[in-house]
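Engineer: here's my sequence, what's the structure:
(chains A and B)
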Amino acid sequence: MSMRLEQGGRLIDREKTLGFVFDSNRLSGFAGDTLASALLGAGKMLVNRSYKYHRPRGIVASGPEEPNALVGLGQGARFEPDQRATTTELFDGLTAMPQNAWPSLGFDAMAVNGWLSKFMPAGFYYKTFIWPRPFWKHVYEPFIREAAASGRPPQEPDADKYEHFYAFVDVLIVGGGIAGLQAALTAGKSGARVLLMEQTAHWGGRAPVDGAEIEGKPADSWIAETLAALEAMENVTLRTRTMGAGVFDHGYALGYERVADHTPGDGRVRHRLWRIRAKQILTATGAIERPLSFAGNDVPGVMLASAVRDYVVNYGVAPGRKVVVVTNNDDAYRTALALIDAGLEVPVVVDARERSDGPLAREAMRRGVAVECGAAIMKVKGKKRVEGVMLCRGNGTGGAGATVECDAVAMSGGWSPVVHLWSHCGGKLLWSEENAHFYPNFSRAPTGAQGEAFVRTAGIASGAMGTGSVLKDAAAAAADACGAAGFAIQAEAAQAVDAEERPMKPVWVMPEQALPELRSKMFLDFQNDVKVADIQLAAQEGYESVELTKRYTTLGMANDQGKLSNINGLAILANSLGAKIPQVGTTTFRPPYQPISFGSIAGEARGATFQPLRRTPMHDWHERNGAYWEPVGHWRRPYCYPKPGEDHDAAVAREVLATRNSLGLLDASTLGKLVVKGPDAGRFLDMLYTNKMSTLKPGKCRYGLMCNENGFLSDDGVVARIDEDTFLCHTTSGGADRIHGWMEDWLQTEWWDWKVYVANVTEQWGQIAVVGPNARKLLEKLGGMDVSKEALPFMGWAEGELDGIKARIFRISFSGELSYEIAVPAGEAMTLWGKLLAAGREWSITPYGTEALHIMRAEKGFIMIGDETDGTVIPQDLGLGWAISKKKDDYLGKRAQERSHMVSPDRWKLVGLETLDGSVLPDGAYAVGEGVNGNGQRNTIGRVTSTYRSPTLGKGIAMGLVHHGPDRMGEVIKFVATDESVIEAKIVSPVFYDPDGEKQDV
Amino acid sequence: MLILQCPYCGIKCDETELAPGGEAHLKRYGPGSTDEEFEAYLFERKNPLGVHFERWRHANGCGKWFLAARSTTTLEVFGTYKAQTTEPPAEIVAAIKAKLPDWEGRQ
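Structural biologist: Numbers count the residues shown, from 1 in each chain, chains lettered A, B, ... in the order given. Model (predicted):
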């Protein structure tokens, strides 16, 4: 049973008790505790269940490498799943739930999976759950989802705020242990701008826990002095609770500051994402201890030796009264000594090495600890907590030896430098035979824009294992980094000695010749339940690549991303393959180092500030008049203007009929408007449009199509020739910026000697369409411009003053009605809108929205980019051959439209569709033909591209692309809805309304 | 998150200011070209391990297209230059050769 000790705990304040709730139990801890230390202090060893077998799991580690102690933290709008107890600072009122323990932590119904474990081997998802096919959707997937230990998503919008923060520094130092502090001191003295980030709330890392001495003093004093010196330097910024999350190209780095996780609801932003540009990055990220692989190494009470030491020294908490230490190195003896110093019992140190006579081991023996050399733990006794260990010879198969009673086990398999940040941007690694770990290959560092190394490591992250070496390495790395950043400085390190330690011995399986029964209880990845036997099986089945083995077995794919498991796993893979560890290599280290919150990634971009909103001059009027909005690009456009008690369909129908029968008004300001000007403007537009634009006369308009070089239709719109040198090109509402960029691309990079200038004037003009049989009467009533058929014929435009407002009037129609599109300076558009509404009252003028616009264009068979086109449709498919000039030698897309597939008679072509029963075809529905394809699916012969209920015609109308469609007029084809019902529709002309175009040309 | 200097406005652009435009120095093939030429123009792109010439637009800035010579392996930038050229300029080629004497030139 874990417990709080009477004394000790350098980070806690025993005067300040904090209450918290875990799994419905009211518990207490002290200020300075982590949730993990408080749980252990309150006797809570069992904190979770594993992912696959639902085995009981306890706290293993004391930092970000913790695989088991994941909780759902907080409640309601502050609930967050997958929070690690070891990195969660305790606060008064904290509530946490174990993540994976249904119906309860003590009794887990899913633990039956454990009995079935022999049926759930590596790759079991692939092997077991495939057949019979329908079982996947209806049986296996629901079962796996229910059983999987993923956290529940929050149910309410996040109550907290987040922000991004930009920083530009010369030297970024990640990690505030003694290496990071030494590096910051050296760099600070150079005059460079330095940012030092530490992921925990405390400076100094584990040196004080390990009893290091620096400059002849305890590490704590040196840390305090160094901090004071750094705080006095104006060029140095210090940040605790800030993790180096990732290193990216050209000195870009992300920091993740947990500003208010420990003070929720205090009004501060919760997390701050630091977006940093650094000339040089120094990672002083320390090392992570590796577990040992012995049977039952996942029983609650088995912990990393360093974590046991952390809990005892930092928090005055012990995992048990009798703690067996098992190790392959000298460092774990520090844990034995810390336990004895705290008045606890260490029945035995199980040392895998044949001899153990280093100073630390001798000190432990002097204090009465028994040391068993050449020994191994055969297995751990106990299910929900450690009750004892059975020992055996280290080189054997696991024959039973002595049983030692204990209530906790502290294990150490050696240390792996944290090379994640070094590796994120391409830093390479070397394998150290001496320490059995990967460390940075300094000659192959991540490189910046000048080809220079821009990431360095400092201290244990470099592979320097002793206190003296750590400080020397850190000072030297800092001096190098400063030199590279343009700030020369001598490397002067604080003085310390490296403790004398005997070589470690790599031990990947304990005992070395363990039989399958033991190997199937040796856990590598605690969260995902990946065992030694699983990796060996994967190797037998032919998985040689570490990346594939990872995905097949799920090793290292859990929340901790393999921080504990990866090196052990790939060592076992290497041994199984008879290869050397560096040959097998590591999986890829990807940012972030630890999970960061979605909130921090979003920052301020949330709700109304998610993206800029573009407003037309009439935006506020639409809002006041009840517009139901539709997002179009960054614009909002009225979809319709429902009246009180009117639903959207009724509003749309009313708007269509009012326009067709009398007078409608549309805010068309979002239409893209590009001015193309210059002596070569005509020649340029001849290349961009399929039509010939150079022959357009000033005062006239022409509908044009733009294709990309693949020949596919990309945009359409009306081009007006303003004068000899000037064209105004209208684009689709969402397309103005894209088409402007497209024009610039060709002008700047292909035809740069052509004299053409393009300006995007979309927002300079407000545009209002006055539409319907009474449109002319309305404009005549306003007065000021001759809008008669003779003066301003269909597809012409004129400039003048309309009731005192400078205007350009285009006689173009997207509805098939008599229509004037009036462009006025944006600042005057609302005035004109008001005048039109007032003067139009006698014709019951009706503002209409985008849906009425869409219906009216569909009634006329006009295509809509994005409905009839999807990036695979050429103009010829849409019956738009009339808009393709035969006289031009070239235009963008012309050569592509000559390719064999593009001229094939089998392309689906545009037709109109009318259901036999007058119903509305489902959007996107496919028409089915005879027979099945190679995959056994029904052959398809067409699909619906636009479909509406036409208020004008009182029935459903649709357009679609159909195989040989135009040749099959009158034929009835079958469409299948998503509910598999069949709808019959007749192929008709796509022009449903006024096929001769009499109404628009009056 | 690359940093590339826009040769027009001189700003050292963060990658978020830029829009990528793929391979530089493509020769356009139009009507009259063979199927093979046109297919190569549309679809065949270099994917070198090393020196690469690419198009970038200073989209959230001066709006100009420019070209960059960059190593896809080390992320080293040998130089950026204006887009009105069909070949990398001599000083860019010299900058690459100075760093990579064995470079065989643009294939």
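Engineer: can you tell me which helices and strands the helix or strand hosting A:His854 packs against?
Structural biologist: Secondary structure assignment for A:His854, by DSSP states H and E: helix A:850-859. Under the contact criterion of 3 or more C-beta pairs under 8 Å, 6 or more residues apart in numbering or on different chains; DSSP states H and E, helix A:850-859 touches strand A:628-632, strand A:635-640, helix A:648-661, strand A:938-950, strand A:955-963. From N, CA and C alone the C-beta is placed, and that goes for glycine too.
Engineer: which one of these lies closest to chain B?
Structural biologist: Among the helices and strands packed on helix A:850-859, strand A:635-640 comes nearest to chain B, with 19.2 Å by C-beta to the nearest C-beta.
Engineer: ok so, going back, export the helices and strands packed on helix A:850-859 to TSV and tack on distance to A:Gly246 and mean pLDDT?
Structural biologist: Formatted as TSV, the helices and strands packed on helix A:850-859 follow (distance: least, C-beta to C-beta, whole Å; pLDDT from 0 to 100):
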stretch	distance to A:Gly246	mean pLDDT
strand A:628-632	32	95
strand A:635-640	35	97
helix A:648-661	46	98
strand A:938-950	43	96
strand A:955-963	45	97
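Engineer: show me chain A divided up by domain.
Structural biologist: Following automatic domain parsing, chain A resolves into domains at A:1-157, A:162-288+A:417-484, A:291-413, A:516-584, A:619-670+A:764-856, A:672-762, A:861-988.
Engineer: tabulate these (a markdown table), appending mean neighbour count.
Structural biologist: As requested, the domains of chain A are exported to a markdown table (neighbours: other C-beta atoms under 10 Å in any protein chain shown):
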| stretch | mean neighbour count |
| --- | --- |
| domain A:1-157 | 18 |
| domain A:162-288+A:417-484 | 22 |
| domain A:291-413 | 22 |
| domain A:516-584 | 22 |
| domain A:619-670+A:764-856 | 19 |
| domain A:672-762 | 20 |
| domain A:861-988 | 17 |
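Engineer: worst average pLDDT in the ones you listed?
Structural biologist: Mean pLDDT values for the domains of chain A show the minimum at domain A:1-157, a mean of 83.
Engineer: can you give me the end-to-end distance of it?
Structural biologist: Using C-alpha to C-alpha, to the nearest Å, the end-to-end distance of domain A:1-157 comes out at 39 Å.
Engineer: identify the residues contacting whichever helix or strand B:Glu39 is part of?
Structural biologist: Taking DSSP H and E as the definition, one finds B:Glu39 inside helix B:35-43. Applying C-beta atoms under 8 Å, 6 or more residues apart in numbering or on different chains, the contact partners of helix B:35-43 are A:Glu709, A:Asn710, A:Arg895, A:Ala896, A:Arg899, B:Leu26, B:Lys27, B:Arg28, B:Tyr29, B:Ser33.
Engineer: need the domains of chain A in a markdown table (columns: distance to A:Ile601).
Structural biologist: A markdown table is the format used below for these (distance: least, C-beta to C-beta, whole Å):
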| stretch | distance to A:Ile601 |
| --- | --- |
| domain A:1-157 | 14 |
| domain A:162-288+A:417-484 | 7 |
| domain A:291-413 | 30 |
| domain A:516-584 | 17 |
| domain A:619-670+A:764-856 | 21 |
| domain A:672-762 | 25 |
| domain A:861-988 | 29 |
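Engineer: about what we covered before: which of the contacts of helix B:35-43 fall within helices?
Structural biologist: Residues of the contacts of helix B:35-43 located in helices (DSSP state H): none.
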